[in-house]
Every structure is written in C-alpha cells, then in structure tokens.
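Asker: Structure for this input, please:
(chains A and B)
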Amino acid sequence: MTSIAAEHHEVHAAHEGPPRPPHGWRRLVWPGFLRAAWMTPLFFGIGCAIVVSTRWWGGWHPIWKGEIIVLVGALTAAPIGFLAGIGAFDYWVRYAIGAPTIPEDHSGHGAYSWKDYFRVNTDHKVIGIQYLTTTIFFFLAGGLLALLVRAELAKPGMQFFDNQTYNGLFSVHASLMIFLFVIPAFAGLANFVVPLMLGAPDMAFPRLNALSYWLLPIAGIMMLSSFLAPGGAFAAGWTGYATLSVHQPMGTIFFNMGVQWAGASSIMTALNFLVTIITMRAPGMTFWRMPLLVWANFTTSLLVVIATPFIAGSQFMVLFDKVMHTGFFEPNLGGYTLGYQHIFWFYSHPAVYIMMLPGFGIASEVISVFARKPIFGYRLMALSLMAILVLGFSVWAHHMFVSGMAPWLRVPMMITTLLIAVPTGIKVFSWLATIWEGKISFATPMLWAVGFVSMFVIGGLSGIYLGAVPIDIHVSDTYFVVAHIHYVLFGGSLFTIFAGIYYWFPKMTGRMYDERLGKLHFWLTFIGFNATFFPMHLIGVQGMPRRVSDYDPMFAGWNMFISIASFFLGASVIVFLYNMVVSMRRGPIAEANPWRALTIEWQVSSPPPIFNFDEVPQVVGNPYEYGVPGARHAVLNGDREAVPEKVPVS
Amino acid sequence: MRRGSIVQLILFAIIASAAGLTLALVPGWLPEPASKEAGRIDFVFWFVTAICIFIFAIVAAVLAYSVLRFRRKPDDDTDGPPIHGHTGLEILWTAIPTILVTAIGIVSAVVLAKDDDVGKDPLRVNVIAQQFVWTFSYPQFGNKKSAVLRLPNHRSVLLTMTSKDVIHSFWVPEFRQKQDLVPGIHPTLHITPTRIGSYPVICTELCGLGHALMRSRSIVMTPSAFRRWASQKGPGGA
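Answerer: Numbering: from 1, shown residues only, chains lettered A, B, ... in the order given. Purely as a prediction, here's the structure:
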C-alpha cells in the first residue's frame, strides 16, 4: 500500500502546493493574516462609524454608546473583516463582482508545511486537523476554567473569586466545552474521515467547509474575551435564561454573538455533510453499506440543520431584549419569560444528541474492528440513530418540569423521554453483543470505546431518574444534574472523541502514538473522572444545588474530595498532550492499515494522498464483515486485493 | 454456552448487584422526608433504583465476562465468528426496556397526580422571591408576612409563586418539592408537612450575584402553635 502512496506523491509532485505569497507591499493584499491584520480594524471602524453616524443622525444620546459599539463593531463587523482578510470570501467576491475567478487548480489542497494550517485551505483533511487542534485548545481553556471552579468549591465560603467572576467561570466553561469543543471536535473528526469512508475526493463544498472552520476561532475568542468586558464574563450559565441574562452586564452579548458564529459554523458543516453523504458516495455505497460513523454524522447533521436555528433565534431575542428593549421575555413589556426556555431547549435538547450520536458512530467503528466481529444488528443500529433523531425533538420540556410551564405537558414529555432509553439501550446491548465471543485486543482506542460504553450506561441510568417527573422535581438544578451531564458528555462524548483521535491518529499523521502512554492516559482519566463526578450524584440528592459559589458546610468533605480528584483528572490531560505532540513528530511510521479494518479510509496510505483516491473505489459489500472469508467492503485501484494484510495489533 | 460460563456470568451479575445495592443503601442518599409528597417521591426513587441495579448488573456482568474471556491471544490473527445479529435477542432487548420504562412512566404519573392533589381547603401561602430574599405571606391570615415559611403539621398547603425580578426556584430538600418562580406567571406547589422541625429553603435557579446565599428556613409547627403564631398581629420574624 505504501507503494501506491509513493506513486501518488510522484503524480502530484508537479505542483509544489499553494502559490507562495509575493514580496513587498503586495503581500499586504495577499489573503492571509497580514491582510486580516488591517482589514479587521478597518471593518471594526466601519461598524463604529455606522453606529455613531446613525445615532447622531437620529439624535439619540449618548452618540457614543459602548455596548452598541462593541456589538456592531467588535462582535459583528470585525469578524467579517477578519474572514475577508484571511481570504475566506475571495472566490465568492470575485465571482460576485464579475472579476475573473482564480481557476480552481486545487492549490488550496493539502498541507505542505505547518504554515498551511494557518491559511484558508479547502482540503477536508487539512480542515479536519485544523478543527481538532483548535477544539483541543478550547478544551484546555475550558478545562482550566473548570479547575478554577473546583478550586473555589474546595472549601465552603469564598476563597478566590467574587460571585460574578465565579458565575462567569462556570458559564464560560460550559459554553466552550459545548460549542467550541464537543460539537466541533466531532465535526473535525468527521471532516477528516467521512469523505474517505465514502470514497469521495473531498466534501461537497470545500470552500464552505473552510469558511465553517474559520468561524470557530472567532466564536471561541469571543467567549473567552468576555472576561475582559466591563462587568466581567457572561454569568447567566450556558443556558442564559431570560430574564437574568437580559439584565446582565455587557459580557452577555459576547455569549449571544459567540453562539451565532459557532452556530453558523455548525449549520454550514452539517449542510456540507448532508450533501456529501447523499451525493458523493462511491459507486456501490448504498445507504445500507455505509459505516455507522457515516450514519451517525448523517443523523447528527439533520439534527443540527433543524435545531440550531432555534438557539440562534433565542440568543438574538435575548440580545434584542437587551439592546433594543424588544421585550420578548419581559413580562412588564408584554413578553413571556418561559418562552425563552421552550425555544432554547428545542435546540439544546437535540444538541445533547448532536454531542452524542457521532460518538456512537466512533464507538461502533472501534468496537467492531478491535473485537474482530461484524457490528451486531447493523440495521437496527442505524435505525435506532434515526429513532433518537425523531424522538429527540419531542422531549425538550423535560428540562422544564419545575419551570412552571403548562402542567399537562409534563407526563407526555416524560413518556417520550423515557422511551429514548429504548433505542439507546438497543445500541448498548448491540455493542455488548458485538464484543461477545470476539477476539478483543485492548489497544488504546478500544479502551476508550469500552470505557465509553460502561460510563454511558451510568449516565443513561441517571437519566432515567431525571426523566421520571417526581424524582426530577427533587433533583433538578442540583449536583445530581451536574453528575449526569458529565457522565453523558465526558464519559460519553469526550471518551469517544479520545477513542476517535487515537484510532485515526495513524491515518491523520502517518505515525503511531505511544501505546503505553495512551493506556496510561485512559486509566488516569477513567479513575479521575469517576472520582470527580460520581460523588456529585450523592451530594445532589442530599441537597446541594448547582451553580453556587458557597454551600452548606455539611458538603465540605465531599467537595474537597471532588476538587482533589478534579486536579488529578486535569493532570491526566498532560499525558495525552505529550503523547500527541511527541508521536506526531517522532512516532514510528504508521502502516496504511494498522488496525486491519475494512472501511475505505484504511485502504489508502497514511496519511492519505492529497486527493484521497487515484481512482474512484468500488464498494462491493458491507463495512464490518470481519470473520467472513474473502469478504470485502470496497475494491480500490482496479482489482487490487482489498482484504487487509495480517498485521499484528498493538 | 457451557454451564461453567453461565455460572460465571451469574456470579458476575450477583457481584454487580451487590455493589449496586451497597452503593444505594450505605451512603444515605435522600434527606429524612418531612412531607407526604416526599414519601411518594422516595418510592419512585427506590423503584427506579431497583430497575437500574437490575440493568446495571446485566450490562456489568456481560461486559466483565467479555473483557476477561474474549481477549485475543497474542499470536492469533483470525477474526471472531461472523455473527450479524439475532432477531429474537433484538426483539427481547427492545421489548424489556420498553416495558420497564412504561412501568416507570405509569408509577411516576400516578405519584405526580397524587402529589398535585391539593384537596379541600388548603392553607394558602404566597411565596415572593426577589434578588436575593424570600418573603412568605398568608392571605387567609390578613396577608401576614414572614421571612421564614411557617407551616402547620399535617395540613395540605398550596404555595403560589411570585417573582419580582428574575427566575428563582423554591426548594426544600426534606419536602422533595421544587417549583420555579417566574416573573409574569404564578405557578403553584403543593406540600403536606408530616414532621415537626426546621428545614432549609434553597434557591436552586441561578438568579445572579447572591444566588448561593438566597436561603431561608421552613419551620413545621404543631397546628395549635401555628394558629397562635398566625393570629398574632404584625409581621412574624424568624
């Protein structure tokens, strides 16, 4: 297989990557950070000018109003200037004004040096890695904020922060983890893998793909920089309930706008996945032959496209209530406060599945490969994803059992909520049946995947407590909820993200990670995670509310324990980072298919050739036919033998 | 399957159930109940816990058994048996969870209906929240105001919620009952105290700077002591 790769590189050695920027002053108008460095302030200035001139013309005082300047200038115009500066719009602008477009010579494809990762690049593999490194950065930032929260909570009473700062810390922690880590990290993994799995040369809309990536750092920096806003970071929780969020200091609008940029990114990527999956499958790749990761991203993308506009709307309404006094949620202006929660959760409950279904996909890939068995009940696995998709839209009000909404809504929403346990249970039992009688090798990805199944079962069971209305009345807004969401989003999403990163690390970098460090990372995280989050169930049921900077001294012992465990958990990330950085540069060269997997991404070299395939693969069978003599998923490059070589695992 | 395997599996399930039971019974999860509603909610809690331990035991046993028994030998490069599914099993693990969650749903709905049944002539209390204080007033006693929630034992109480600014939430862990106070609407909450004592009133919805400190107390008194207190003129302090 390596010979194919070498051959391929020769074919494309003719062009030496993207054209290099010119020298002298022309460099200032060349797309890149230099141009962004002057276009961002320029657009900021234009935004300010629009605000000031409009206010002056309308005779509104004060003409110079900080909040509006920040909103229009810094949070809206400046990001557009930045995107224009780095060149995200170049092609479309040329096209729109009738100028000759730069012919698509695929020069935006591939990364030839580390600098290419800091450019607008249209290669899905480059974008996937851009996504992953960016999201890991925000994962570290969000994690550090969590450790600050735990430092404050180690003892009752106030230690390090005032209340507003504390509320800002957990609000930004949650927002970064949700909008800048879990959702886009899955999008990043899928960006790299899905076109390869489909046998496609790239995503359907490569330029849109690049734009979706570049919206992300904007959203993340916006949320982080809210700490610099007068009055501190947004402090109404990531849920940002009206009317509290409307009456918060300026930091709130950083959240309102940050969600818009991250949401736009999410929607564009989802559209891209949908079109790619529907139209760019290789010949023979029917829907029932797609790997479950592709199925998972298909359903996730449907969720994103349908649901995300609702959170965008809810944040715009809060923003308008705040700066324009529209009164959507203000009862004294005729608004309806609970309306916010209905709109917000109509996105944010499906968002839970947006953050979990891709993880289900990763778990299915990893478990099947490392158990050397076909995935058990493939069709039911795919159908249960669709069932979760449909049911997921009918359960949002289970976040509102104590909110004061129409009481009759509680029982129907409880029934639909509990019913979601059925398709989720099908998935868990099918994974168990897949490893049953398998030939399991516990390489690092498999450890994370099996760890995920066991932790997700606990998260799912605690979800049944929360779904049953009478219990939810007692435990809602307590640490029980904090424990539950971390079992689902940390034990669920994060474990599968790690499984995915380790699993595709050889494919992405062409090198192997260090197996011993990977296992160490898993065990440290597994122990630290359970020590941190399991006791939260207990103190929640016993009566500790969430989102408090101070608490009853009866919970002091457990909180000290949890804080110590959380620092242990935080330290485990260092092992991961060290392993990634060192292995990327010095790890042993990876083979094309180190895991002996059947899916198409493993049938090309590691890392894959710039255009993925020399000729379009022909899909001839199901993706998980382990143990079936002579079975193939796809035939590449004519009649090349697609049955994987016998290479020892781990 | 061989008989030895079945014995091993059952052994793992017993160990897992024992671990689950220990975890459920030893730490003292629920605060001592102090209302009729708390008793019913606790029943749902333990009902769900029993089902969860059952599911957990099955999953843990199968997982532990597989992890220990089905490991690849170092020099074995062959694949496992190509089992693609089993319709009977798949129907089974669709049907059993459906039955279990339906049972939980029915029990919950019945408990909810009972807990919300206020009965005739309840004691009415208006709960007023604003950043970051609680006020309680008694419309049947000349709108007598109090900073702590005093309630007579064994009397059905209907709390009507009012918020003056942002969303708050009223919670007394010992009563197990919770209700948000939302500006513009007036939801209600039903409590029937059953134990004399003093319990914390906690705000559980993030309401701003002083959220963590927005607390009061609920004092359950004998009916006669409550009547004496309620008929005194003037606001009742602590």
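
Asker: and the nearest residue to A:Val457 once chain neighbours are set aside, which of the three is it?
Answerer: Sequence neighbours aside, B:Val59 is the residue nearest to A:Val457 in space, at 5.1 Å (criterion: Cβ to Cβ, 6 or more residues apart in numbering or on different chains). No exception for glycine: its C-beta is placed from N, CA and C like everyone else's. Three-state secondary structure (criterion: DSSP: H, G, I helix; E, B strand; the rest coil) places B:Val59 in helix.

Asker: repeat for B:Gln179
Answerer: Of the three states, B:Gln179 takes strand according to three-state DSSP.

Asker: mind listing what it touches?
Answerer: Counting by Cβ atoms under 8 Å, 6 or more residues apart in numbering or on different chains, B:Gln179 touches A:Val402, A:Gly404, B:Leu159, B:Met161, B:Ser169, B:Phe170, B:Pro187, B:Thr188, B:Leu189.

Asker: where do the helices sit along the stretch 51-200 of chain A?
Answerer: If DSSP state H, counting those that start in this stretch is used as the criterion, the helices of the stretch 51-200 of chain A fall at A:66-69, A:78-86, A:90-97, A:124-153, A:163-175, A:183-198.

Asker: tell me what the fifth one is packed against?
Answerer: Going back to what we said before, that points to helix A:163-175. Taking 3 or more Cβ pairs under 8 Å, 6 or more residues apart in numbering or on different chains; DSSP states H and E as contact, the helices and strands that helix A:163-175 lies on are helix A:124-153, helix A:206-225, helix A:251-279.

Asker: now that helix against helix A:124-153, angle please.
Answerer: Between helix A:163-175 and helix A:124-153, the angle formed by their directions is 150 degrees, by axes from the mean of the first three to the mean of the last three Cα atoms, to 10 degrees.

Asker: What residues sit buried inside the helix or strand of chain B with the lowest mean pLDDT?
Answerer: Across the helices and strands of chain B, mean pLDDT, DSSP states H and E gives its lowest value to helix B:3-25, namely a mean of 91. The neighbour-count check on helix B:3-25 (16 or more other Cβ atoms under 10 Å in any protein chain shown) flags B:Gln8, B:Leu9, B:Phe12, B:Ala13, B:Ala16, B:Ser17, B:Gly20, B:Leu23 as buried.

Asker: which of the contacts of B:Gln179 has the most neighbours?
Answerer: The most crowded member of the contacts of B:Gln179, judged by other Cβ atoms under 10 Å in any protein chain shown, is B:Phe170 (29 neighbours).

Asker: Can you pull the phi and psi angles for that residue?
Answerer: The main-chain torsion angles of B:Phe170 are listed as degrees, to the nearest 10 and equal phi -90, psi 130.

Asker: Wait, it touches B:Val125, no?
Answerer: No - B:Phe170 is not in contact with B:Val125 according to Cβ atoms under 8 Å; the separation is 10.6 Å.

Asker: rewinding a little: which of the buried residues of helix B:3-25 sits closest to chain A?
Answerer: In terms of Cβ to the nearest Cβ, no member of the buried residues of helix B:3-25 lies closer to chain A than B:Leu23, at 8.9 Å.

Asker: rewinding a little: deepest of the helices of the stretch 51-200 of chain A, which one?
Answerer: Sort the helices of the stretch 51-200 of chain A by mean neighbour count, taking mean count of other Cβ atoms under 10 Å in any protein chain shown, and helix A:183-198 sits at the top with a mean of 28.

Asker: rewinding a little: between B:Phe170 and B:Val125, which contacts overlap?
Answerer: Contact with both B:Phe170 and B:Val125 is made by residues B:Leu159, according to Cβ under 8 Å, 6+ apart.

Asker: so A:His484 sits right up against A:Gly459, yeah?
Answerer: Yes - at 6.2 Å, A:His484 and A:Gly459 qualify as touching, with contact defined as Cβ under 8 Å.

Asker: Common neighbours of the two, please.
Answerer: Counting by Cβ under 8 Å, 6+ apart, A:His484 and A:Gly459 have no common neighbour.

Asker: Need the per-residue pLDDT for residue 49.
Answerer: No chain specified, so I'll use chain A. The predicted structure scores A:Ala49 at 95 on the pLDDT scale.

Asker: you looked at the wrong chain, it should be chain B
Answerer: Predicted confidence (pLDDT) at B:Thr49: the value is 96.

Asker: What confidence value was assigned to A:His106?
Answerer: According to the prediction, A:His106 has pLDDT 63.

Asker: so what's the residue of chain B found nearest chain A closest to, chain neighbours aside?
Answerer: Distances between chain B and chain A by Cβ to the nearest Cβ are smallest at B:Gly184, namely 2.7 Å. Spatial nearest neighbour of B:Gly184, excluding adjacent residues (Cβ to Cβ, 6+ apart): A:Pro331 at 2.7 Å.

Asker: So the one you found sits against B:His186, correct?
Answerer: No - A:Pro331 is not in contact with B:His186 according to Cβ under 8 Å; the separation is 11.0 Å.

Asker: Can you report how many residues lie near A:Ile102?
Answerer: A count of nearby residues for A:Ile102, using other Cβ under 10 Å, gives 12.

Asker: Now render the helices and strands packed on helix A:163-175 as TSV, adding mean pLDDT and distance to B:Ile53.
Answerer: Shown next, in TSV, are those (pLDDT from 0 to 100; distance: least, Cβ to Cβ, whole Å):
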stretch	mean pLDDT	distance to B:Ile53
helix A:124-153	96	30
helix A:206-225	95	40
helix A:251-279	96	38
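
Asker: For B:His154, find the nearest of those.
Answerer: helix A:124-153 (38.4 Å; Cβ to Cβ).

Asker: Helix A:206-225 and that closest one, what's the angle between them?
Answerer: Using the same axes, to 10 degrees, helix A:124-153 lies at 10 degrees relative to helix A:206-225.

Asker: Which neighbouring elements make contact with helix A:124-153?
Answerer: In this structure, helix A:124-153 makes packing contacts with helix A:163-175, helix A:183-198, helix A:206-225, helix A:495-509, helix A:556-586, judged by 3+ Cβ pairs under 8 Å, 6+ apart.

Asker: what about those helices, which gets the closest to B:Gly80?
Answerer: Across the helices and strands packed on helix A:124-153 (criterion: Cβ to Cβ), the nearest stretch is helix A:495-509, sitting at 18.7 Å.

Asker: OK, now which residue of chain A is nearest to chain B?
Answerer: The minimum distance from chain A to chain B, using Cβ to the nearest Cβ, falls at A:Pro331 (2.7 Å).

Asker: What score does that residue have for pLDDT?
Answerer: If you check A:Pro331, the pLDDT there is 94.

Asker: again with the one 4 residues further on
Answerer: In this prediction, A:Gly335 carries a pLDDT score of 94.

Asker: same deal with A:His23?
Answerer: Predicted confidence (pLDDT) at A:His23: the value is 82.

Asker: Quick check: it vs A:Lys115, distance?
Answerer: Using Cβ to Cβ, to the nearest Å, one obtains 16 Å as the distance from A:His23 to A:Lys115.

Asker: Over to A:Thr300?
Answerer: Taking Cβ to Cβ, one finds A:Thr300 at 32 Å from A:Lys115.

Asker: out of these two, which sits in the more crowded spot?
Answerer: Shown here are A:Thr300 and A:Lys115; by other Cβ under 10 Å, A:Thr300 has more neighbours (31 against 12).

Asker: Spatially, which residue comes closest to the more buried one, not counting chain neighbours?
Answerer: If you skip the residues right next to it in sequence, A:Thr300 has A:Leu357 as its closest partner in space, 4.6 Å away by Cβ to Cβ, 6+ apart.

Asker: if I pick that neighbour, what's in contact with it?
Answerer: A:Ala296, A:Asn297, A:Thr299, A:Thr300, A:Leu303, A:Leu385, A:Ile388, A:Leu389.
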